[in-house]
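Visitor: Predicted model, plus sequence, below.
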Amino acid sequence: MSEREFENIFKCYYSDIYNFAYHYIMDSDEAQDLVQDVFINFFEKYKTLPEETNTKHYLLAMTKNRCISFLRHKNVIDRNNLKYFESLIFSTTSEYDTTYDDLLIRLNLSMENLSDLQKQIIKMKLEGKEYSEISDELNVTYSQIHKNIKKAYTKIRSDMDKTLHVPTDLLFFYLLIDFYMMQ
């Protein structure tokens, strides 16, 4: 395939493929990276494809497979992060002891600003439930689960960062897990 042919295919299908990926994984930056990888892979495999291959369908199938792999990988990372943060609960350090009550109060205030759906989803996620289980129990789509978790965590982090004026990623998850264990 010449560069010109590839450029035409890229221009013709990029927006459709990107929109498909974005709506599948709900993350603009990740969707752009994923679509770039799809087109690179397509360029490398083009010579081996049968001539009757529908280019758009092939690109969509590749994108769907990449999205599924991405979400599976993200799920593994989420599970590992949850295990890590659970271990923090059992290994508290004196560094958090002095301000723990104040931080928990601030977390409670921040949690009150979330929608009921976001509160439910976060609680179920911290209980170790998979996105599919949460989706079935709450009767919402997988992408809605992902989007609401992302929005809730962003909102809580933002609220906590405003009041503490320090980065709170580890502390945030530590408190969030404690918060739901006390409920």
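Guide: Received the coordinates, thanks. Residues are numbered from 1 along each chain as shown.

Visitor: Would you mind pulling up the elements that the host helix or strand of residue 59 packs against?
Guide: Residue 59 belongs to helix 55-89 when assigned by DSSP states H and E. When contacts are defined as 3 or more Cβ pairs under 8 Å, 6 or more residues apart in numbering; DSSP states H and E, helix 55-89 packs onto helix 3-25, helix 28-45, helix 116-126, helix 169-182. Every residue, glycine included, has its C-beta placed from N, CA and C.

Visitor: Among those helices, which comes closest to residue 144?
Guide: helix 116-126 (8.2 Å; Cβ to Cβ).

Visitor: per-residue confidence at residue 44?
Guide: Residue 44 carries a pLDDT value of 86.

Visitor: which helices and strands sit right next to the helix or strand harbouring residue 143?
Guide: Following DSSP H and E, one finds residue 143 within helix 142-164. On a contact count with 3+ Cβ pairs under 8 Å, 6+ apart, helix 142-164 meets helix 3-25, helix 100-112, helix 116-126, helix 131-138, helix 169-182.

Visitor: just to revisit the earlier point, mind giving me JSON lines with the helices and strands packed on helix 55-89 and columns for mean neighbour count?
Guide: Below are these laid out as JSON lines (neighbours: other Cβ atoms under 10 Å):
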{"stretch": "helix 3-25", "mean neighbour count": "15"}
{"stretch": "helix 28-45", "mean neighbour count": "16"}
{"stretch": "helix 116-126", "mean neighbour count": "18"}
{"stretch": "helix 169-182", "mean neighbour count": "17"}
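
Visitor: Let me have the ones you listed in TSV, extended by distance to residue 63.
Guide: What follows is these, written out as TSV (distance: least, Cβ to Cβ, whole Å):
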stretch	distance to residue 63
helix 3-25	5
helix 28-45	5
helix 116-126	26
helix 169-182	30
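
Visitor: what sits against the most centrally placed residue in the chain?
Guide: In the chain, the residue lying closest to the centroid (Cα atoms, centre = their mean) is residue 146, at 5.7 Å. Going by Cβ atoms under 8 Å, 6 or more residues apart in numbering, residue 146 touches 25-26, 71, 131.

Visitor: repeat that for 7 Å
Guide: Residues in contact with residue 146, defined by Cβ atoms under 7 Å, 6 or more residues apart in numbering, are 26, 131.

Visitor: where does the chain have low pLDDT?
Guide: Filtered on pLDDT under 70, the chain yields the residue ranges 1, 80-104, 160-183.

Visitor: Which residue in it shows the largest distance from the geometric centre?
Guide: residue 51 (37.0 Å).
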